[in-house]
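# Structure, please.
(one chain, ligands or ions: 1)
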Amino acid sequence: MSVNAPITLSNVTLTHGRHPAVHHVSGVFAPGSLTAIAGPNGAGKSTLLRAIAGLHKVQEGCLHAPRGAMALLPQAAAMDRQFPVSCLDVVQLGHWPRAGAFRALRPAERHQSEAALATVGLDGFGRRPVGSLSAGQFQRVLFARLLVQDAPVILLDEPFNAVDARTATDLLALVRRWHGEGRTVLAVLHDLDLIRAEFPETLLLAREPVGWGPTAEVLSAANRLRARMMSEAWDEAAPACDRAA
Ligand SMILES: Nc1ncnc2c1ncn2[C@@H]1O[C@H](COP(=O)(O)OP(=O)(O)OP(=O)(O)O)[C@@H](O)[C@H]1O
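Residues are numbered from 1 along each chain as shown. Presented below is the predicted three-dimensional model:
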């Protein structure tokens with residue numbers, strides 16, 4: 001599949017063990033689109049993002065995504081920083097899809113990593129252990145890694161959580177830049193004002209799609225209420241699918 005191919009979902013169902021997380025998701029993320037994935041806690045947003053990244057098995061339906069062309073920013077809470085690596089080490093990991101696990105990195109690649117750290121406002125932080133960084137600084141390091149990955153599809157799971165307003169503004173500028181470069185960007189977000197201001201498309205999820213399309217239409221009061229009610233009514237112990245596709 002070409003790297004600028006769309007991400008297409010056809011009646012996708014995702015489960016955790018025998019428990020359903022998301023079902024009946026059908027639609028397309030167009031190449032170059034900038035989409036927010038919104039919805040209540042537990043709506044299945046992270047599970048869907050991980051499935052798109054190829055990290056979660058699709059139980060039913062079809063999901064076509066340009067494999068190998070994606071960069072994923074996981075939720076900060078899912079990351080352990082208590083290991084002895086430097087900021088530069090973390091950023092350098094962004095090279096491995098192209099460099100492979102065994103080739104030594106070239107000077108140009110190291111230079112690129114240092115430049116990425118400077119771009120996110122962390123010039124000179126290369127040798128700092130990641131365990132010594134604030135939450136916002138660590139998020140900047142992860143954005144530097146995304147810069148180095150240089151992927152045509154970028155998946156962000158709650159990228160602005162636990163960061164201050166200035167950091168969020170700086171990181172949002174990178175999201176705008178990626179969109180301007182024609183990359184496909186999907187971001188799981190809770191801040192509806194931010195979504196309305198910055199994201200032209202939204203997928204509103206409550207285990208299944210409540211709306212998917214232009215943000216102003218999708219985030220209507222009626223849809224938000226429906227998402228909340230669907231989420232509250234969800235039975236965690238229900239079978240993976242209780243209705244036909
Ligand atoms: N590793 C797991 N094992 C079992 N169930 C899980 C696992 N991860 C998520 N779930 C369940 O799957 C459902 C969807 O979770 P998911 O994290 O995808 O939702 P979310 O919309 O991203 O939530 P939040 O906004 O709180 O981050 C929830 O009921 C959750 O408890």
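
# Near the ligand, which residues of the protein are found?
Proximity of the chain to the ligand, by CB under 6 Å from any ligand atom, involves residues H16, H19, A21, G39, N41, G42, A43, G44, K45, S46, T47. Every residue, glycine included, has its C-beta placed from N, CA and C.

# switch the cut-off to 8 Å
16-17, 19, 21-22, 39-50, 75, 157-158, 188, 190, 205, 207, 234, 236 (CB under 8 Å from any ligand atom).

# which stretches of the chain form strands?
Under the criterion DSSP state E, the chain contains strands at 7-16, 19-29, 34-38, 60-64, 70-73, 153-157, 184-188, 201-206, 208-214.

# Redo those as CSV? Include mean neighbour count.
Output for these, formatted as CSV (neighbours: other CB atoms under 10 Å):
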stretch, mean neighbour count
strand 7-16, 18
strand 19-29, 19
strand 34-38, 26
strand 60-64, 15
strand 70-73, 21
strand 153-157, 25
strand 184-188, 25
strand 201-206, 24
strand 208-214, 19
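
# With distance to G121 and mean pLDDT added, can I get those in TSV?
Formatted as TSV, the strands of the chain follow (distance: least, CB to CB, whole Å; pLDDT from 0 to 100):
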stretch	distance to G121	mean pLDDT
strand 7-16	31	96
strand 19-29	29	92
strand 34-38	23	98
strand 60-64	35	95
strand 70-73	17	93
strand 153-157	18	97
strand 184-188	20	97
strand 201-206	28	96
strand 208-214	33	96
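
# among those, which is nearest L194?
Closest to L194 of the strands of the chain is strand 34-38 (CB to CB; 8.2 Å).

# Show me what the closest one is packed up against.
Where contact means 3 or more CB pairs under 8 Å, 6 or more residues apart in numbering; DSSP states H and E, strand 34-38 is packed against helix 45-52, strand 184-188, helix 192-198, strand 201-206.

# Which one of the strands of the chain lies nearest to L117?
strand 70-73 (15.9 Å).

# Distance from the chain centre to that closest one, please.
6 Å (CA atoms, centre = their mean, to the nearest Å).

# next one: stretch 68-76
On CA atoms, centre = their mean, the centre of stretch 68-76 falls 6 Å from the chain's centre.
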